[in-house]
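Q: quick check, what structure comes out for this input:
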Amino acid sequence: MPQLPPDPVYLRRVDAARNMRRFYLLSLQPTLFGGVAVVRNWGRIGTSGQTMMQTFDDSARAGEAFDRLERTKRRRGYAPAVENR
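A: Below you'll find the predicted structure:
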């Protein structure tokens, strides 16, 4: 079984001047056939958003895709969400 990161990455982009409140959630999940899936969920904060799943045969390629997507979103202004605890 491939080693997966324990926590998903939850990013947000909020720009009040443009009425923009978006979220982007990235996670890696094992598949039933021994592969790994990169699961993306995105949309406006407060909605369930859209989901897309991309499967890979090995965890290395899935990890590369995960990292690439996270870097892209951070370049576009998304930042980690701060939880109130």
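Q: so Leu69 is in which element?
A: Element membership of Leu69 [criterion: DSSP states H and E] is helix 59-75.
Q: who's in contact with the next helix or strand after that helix?
A: Using DSSP H and E, the helix or strand that follows helix 59-75 in sequence is strand 79-80. Identification of contacts with strand 79-80 by Cβ atoms under 8 Å, 6 or more residues apart in numbering yields Val9, Tyr10, Leu11, Arg12, Arg13. To be clear about C-beta, it is placed using only N, CA and C from the backbone, and glycine gets the same treatment.
Q: rewinding a little: what average pLDDT does the helix holding Leu69 get?
A: Per-residue pLDDT over helix 59-75 has a mean of 94.
Q: residues of that helix that come out buried?
A: Using 16 or more other Cβ atoms under 10 Å as the test for burial, helix 59-75 gives Ser59, Ala62, Gly63, Ala65, Phe66, Leu69, Lys73.
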